[in-house]
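[1] Sequence and predicted model, in that order:
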Amino acid sequence: MGAASPPRLRLGRARRLRHSRDFARLRREGQRLAHGCLAANWQRQAAGAPTHLGVITSGKLGNAVVRNRARRLLREAFRRHQHGLAGPVDLILVARQSIVGRGFPEVERDFLATMRRAGLLKSAALAAAG
């Protein structure tokens, strides 16, 4: 038998929030935290449910090129760290104006800090329990 394969890092369409009713539900019923270049709205899901991600970029950020880059940066930060979340969650990431011109390491740092402050990372959950 070979070693266990690493978890897949794909973020397919089935794992994305796409409907306005889902975004509205999270804004209405979920929790919110803003830190650095992003704001997060989330709601924990039942064990065994998949984690879903939605990304919002306002026209205030800039033209389509700037907004698409912000979306790619936020999706990539989530994609790389999705298996570090402390359970299934529906998550919306909202790009703030300060994301413009930032590189991936800065966005990733803000993403991890936001997830840690929200108690959504496994390590934060373990530290709070211990």
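    Perfect, I can see it now. Being a predicted model, the structure only gives us computed values, none of them experimental.

[2] so the residue positioned nearest the centre of the chain is in which element?
    The centre of the chain sits closest to residue 78, judged by Cα atoms, centre = their mean, with a distance of 4.7 Å. When elements are defined using DSSP states H and E, residue 78 is found to belong to helix 64-81.

[3] So which residues of this structure form strands?
    Counting by DSSP state E, the chain has these strands, from start to end: 31-35, 38-44, 52-56, 89-95.

[4] Using CSV, lay out those together with mean neighbour count, distance to residue 70 and mean pLDDT.
    For glycine as for every other residue, the C-beta is placed from the backbone atoms N, C-alpha and C. CSV is the format used below for the strands of the chain (neighbours: other Cβ atoms under 10 Å; distance: least, Cβ to Cβ, whole Å; pLDDT from 0 to 100):
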stretch, mean neighbour count, distance to residue 70, mean pLDDT
strand 31-35, 14, 15, 96
strand 38-44, 20, 9, 96
strand 52-56, 19, 8, 95
strand 89-95, 23, 4, 96
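
[5] among these, which is nearest residue 14?
    Checking these against residue 14 by Cβ to Cβ gives strand 52-56 as the closest, at 8.6 Å.
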